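In: The sequence and its predicted three-dimensional model are supplied below.
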Amino acid sequence: MRKRALMKALVDEQKKRIASRMELNSYVDYLLSNAEELTEEQICMLIWESIVETSDTIVVAAEWTMYELSKDKIRQERLYKDIKNVCGNEKFSEEYISKVPYLGAIFHETLRKHSPAPIVPLRFAHEDTEIGGYHIPAGSQIAINIYGCNMDKKEWENPEQWIPERFLDEKYDPNDLYKTMAFGGGKRICAGSLQTMLITTTTIGRMIQEFEWNLIEKGDGESVDTVCFTTRKLNPLLVTIKPRKL
Ligand code: HEM
């Protein structure tokens, strides 16, 4: 109910802007320009989908990354040194991402261990089919366990441990965003994987460049809030940060 009210208010505001001839080259304007084919409800849900898929997932990925780095001072220092070697006194930004492979490895290892979306949205079998030797009758709904794939002992050595170095192995292509199952797979693979990588790694790079992070939370920091769609930390990250001497 609140979701619909919020989306409707947002759409109404944008309609007023367009009516006052302030058009933008944006997704909302594109959807509203197709208003004859799309119902208001469809427009609201399409906007809602992109807000949820964009904001929640990236925040969850960034929080787990900072948790692991705050806990592991040796790997945090290695990342800091790699950033410093590449950027000098410049601020870390998107252009530097490919020059700091360790940051990419940290990104992928966090997505593997703490897969923000642990299950692929359900697939519906329209006809009888067979996958991996299993018979799937028409009408079934299938859920793929992303978390299970990313923690599979047959695929990953010590999967429960956070070891970014595994992605520095030359068997992995540094430009491949799909080294793990974190973004799903096939035709409906995540449409925002590149954007996620750019935003998350730039943010992490800046936060590590400016501050030294120390974990202060006690007990099991790895519990997950299972009520939500994403694997949020059950207990929010608790750290102290100290500005670095640049
Ligand atoms: C850590 C960040 C993210 C993770 C782990 C993630 C994960 C996923 C997964 C598992 C799916 C389902 C794929 C499938 O069904 O096979 C998905 C779909 C999708 N994601 Fe993401 N996502 C993330 C960020 C984003 C962002 C930032 C955007 C938007 C810019 C986005 C847009 C989408 C869209 C539009 C779909 C639906 C694609 C379709 O059904 O064709 N995602 N994502």
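Out: On my side now, so go ahead.

In: For Y27, report the pLDDT, please.
Out: As predicted, Y27 sits at a pLDDT of 90.

In: list the contacts for it?
Out: By CB atoms under 8 Å, 6 or more residues apart in numbering, Y27 lies in contact with 47, 50. (C-beta placed from N, C-alpha, C; glycine too.)

In: Would you mind naming what in this protein lies close to the ligand?
Out: By the rule CB under 6 Å from any ligand atom, the part of the chain lying against the ligand is 50, 53-54, 57-58, 61, 116-117, 120-121, 146, 182-186, 188-192, 195-196.

In: Give me the subset of the residues you listed that lies in helices.
Out: 50, 53-54, 57-58, 61, 146, 195-196 (DSSP state H).

In: Strand partners (parallel or antiparallel) of the lowest-mean-pLDDT helix or strand in the chain?
Out: Least confident helix or strand, the chain: strand 224-225 with a mean of 85, by mean pLDDT, DSSP states H and E. According to DSSP bridges, strand 224-225 forms sheet pairs with strand 232-233 (antiparallel).

In: Could you pull out the buried residues of the next helix or strand after the strand it pairs with?
Out: Next in sequence after strand 232-233, counting helices and strands by DSSP states H and E, comes strand 239-243. Using 16 or more other CB atoms under 10 Å as the burial criterion, the residues of strand 239-243 that qualify are V239.

In: Any chance you could give me strand 239-243 in PDB, C-alpha atoms only?
Out: Extracted C-alpha coordinates of strand 239-243, given in PDB (Å, rounded to 0.1, in the frame of the first residue of the first chain):
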ATOM      1  CA  VAL A 239      33.500   0.100  13.300                       C
ATOM      2  CA  THR A 240      35.800   2.900  14.200                       C
ATOM      3  CA  ILE A 241      37.400   4.800  11.400                       C
ATOM      4  CA  LYS A 242      40.600   6.800  11.600                       C
ATOM      5  CA  PRO A 243      41.600   9.300   8.900                       C
END
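
In: got a list of contacts for it?
Out: 66, 70, 210-217.

In: give me that answer again for 7 Å
Out: The contact list for strand 239-243 (CB atoms under 7 Å, 6 or more residues apart in numbering) reads 70, 210-216.

In: What average pLDDT does that strand get?
Out: Strand 239-243 comes out at a mean pLDDT of 97.

In: Neighbouring strands - and their directions - for it?
Out: Strand 239-243 is paired, per DSSP bridges, with strand 211-215 (antiparallel).

In: and the partner strand, which residues are buried?
Out: 212-213, 215.

In: With distance to V239 as extra columns, can I get these in JSON lines?
Out: JSON lines is the format used below for the buried residues of strand 211-215 (distance: CB to CB, whole Å):
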{"residue": "E212", "distance to V239": "10"}
{"residue": "W213", "distance to V239": "5"}
{"residue": "L215", "distance to V239": "6"}
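
In: For the buried ones among the residues of the chain next to the ligand, write the corresponding ChimeraX selection.
Out: To isolate in ChimeraX the members of the residues of the chain next to the ligand that are buried, counting by 16+ other CB under 10 Å, one can use:
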select :53,57,58,61,116,117,120,146,182,183,184,190,196
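
In: And the contacts of strand 239-243, which is closest to E94?
Out: Of all the contacts of strand 239-243, E94 sits closest to E210, with 16.6 Å by CB to CB.

In: gap between that closest one and P243?
Out: Distance of E210 to P243, given as CB to CB, to the nearest Å: 7 Å.
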